[in-house]
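Peer 1: fold the following, please.
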Amino acid sequence: MAKVRHKDVRRDLEEDVLLESGRAALEYVQKHHKAMVWGLLAVVVLYAAFQIVGRYRSNMVDAANYEMLRARQLFLQSLRDRDTSEKSAADGQEILSRIVDAYSGPVQRRALFASGVDRFYELEFGKARDRFTEFANKADNDIDRARGHLAVGKCYENEAFVKDDPSLQEKALDSYQTAAGLAGDSYVKYQAMVAQAGILEKKPETRAEAVKLLEEVVRNRQRIIDEADRKTSDTKQTVERRPGVEELQPVNLVEVAKKRLEKIQAEPPRSGSGKD
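Peer 2: Numbers count the residues shown, from 1 in each chain. Coordinates of the predicted model:
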């Protein structure tokens, strides 16, 4: 008699278990096939519904992005063509308002901010502030909230210049301080600090505070840039070097702050101001 190996026995037992499981499954299907078919059909329909909803939402977002692009083009057209500027601006705002009313989340917030920017350039500072304030209230993170307050401050500051109203400058300063307090160590924080300094440097009694803010911007932003460059060097990448932090931002705040400091230091003391 051939010797039976333990490995063969174990394999045969495993195959028997699989065979019995298969028979049991077949009997269950034969007995419950109608319920199983309906259950499977329900799963298929549910999956299809999720796919349709997902595509529908994706298409809606694509449509909203396209509409925002149209609004941006209308805004740019309003700047180029004086004859149609009023209508182009109004049409762009109408598009953005529809998106704000129809959407929520990131799409709505982008439309709110874009609407605020357009209103700002049209010198409609009150309407721009309303949009930026709503953006800040609906933001889902502190940096975006700070960005909204920074934009509100810009509205107040520019309106103060147009109307020659110092009280609006104080409101701008409050908005900038709020933005700087919310923004952590981000680029937005230092934007807000530079903006604060721009107001404070105008008064002899607050110029020292402006200098302090600008020096902090130079010191800390340069530290962030140096740290980013050091991390890039430490990775020893063989591909093209990624841009530094400052290159990814629209304005080099370190250079801006340095120039502002040089300007302040070059100005002669104002009469009656005492020490600067």
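
Peer 1: which residues are in contact with Glu216?
Peer 2: Met193 (CB atoms under 8 Å, 6 or more residues apart in numbering). Just so you know, the C-beta spots here come from the backbone N, C-alpha and C atoms, and that holds for glycine as well.

Peer 1: state the distance from it to Glu205.
Peer 2: 19 Å (CB to CB, to the nearest Å).

Peer 1: buried stuff in whichever strand or helix holds Gly116?
Peer 2: Assigned by DSSP states H and E, Gly116 falls within helix 105-121. By neighbour count on 16 or more other CB atoms under 10 Å, the buried set for helix 105-121 is 107-120.

Peer 1: list the helices and strands the helix or strand in which Asp174 is found packs on?
Peer 2: Asp174 is part of helix 166-182, with elements assigned from DSSP H and E. In this structure, helix 166-182 makes packing contacts with helix 142-163, helix 187-200, judged by 3 or more CB pairs under 8 Å, 6 or more residues apart in numbering; DSSP states H and E.

Peer 1: convert the C-alpha atoms of the last one to PDB, please.
Peer 2: What follows is helix 187-200 as a C-alpha-only set of coordinates in PDB (Å, rounded to 0.1, in the frame of the first residue of the first chain):
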ATOM      1  CA  TYR A 187       2.000  84.000   4.400                       C
ATOM      2  CA  VAL A 188      -1.300  85.600   5.100                       C
ATOM      3  CA  LYS A 189      -0.100  86.600   8.600                       C
ATOM      4  CA  TYR A 190       2.800  88.500   7.200                       C
ATOM      5  CA  GLN A 191       0.600  90.100   4.600                       C
ATOM      6  CA  ALA A 192      -1.600  91.400   7.400                       C
ATOM      7  CA  MET A 193       1.400  92.600   9.400                       C
ATOM      8  CA  VAL A 194       2.800  94.600   6.400                       C
ATOM      9  CA  ALA A 195      -0.700  96.100   5.900                       C
ATOM     10  CA  GLN A 196      -0.800  97.100   9.600                       C
ATOM     11  CA  ALA A 197       2.600  98.700   9.300                       C
ATOM     12  CA  GLY A 198       1.400 100.700   6.200                       C
ATOM     13  CA  ILE A 199      -1.200 102.400   8.400                       C
ATOM     14  CA  LEU A 200       0.900 102.800  11.500                       C
END
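
Peer 1: which other helices and strands contact that helix?
Peer 2: If contacts are counted by 3+ CB pairs under 8 Å, 6+ apart, helix 187-200 sits against helix 142-163, helix 166-182, helix 207-235, helix 253-266.
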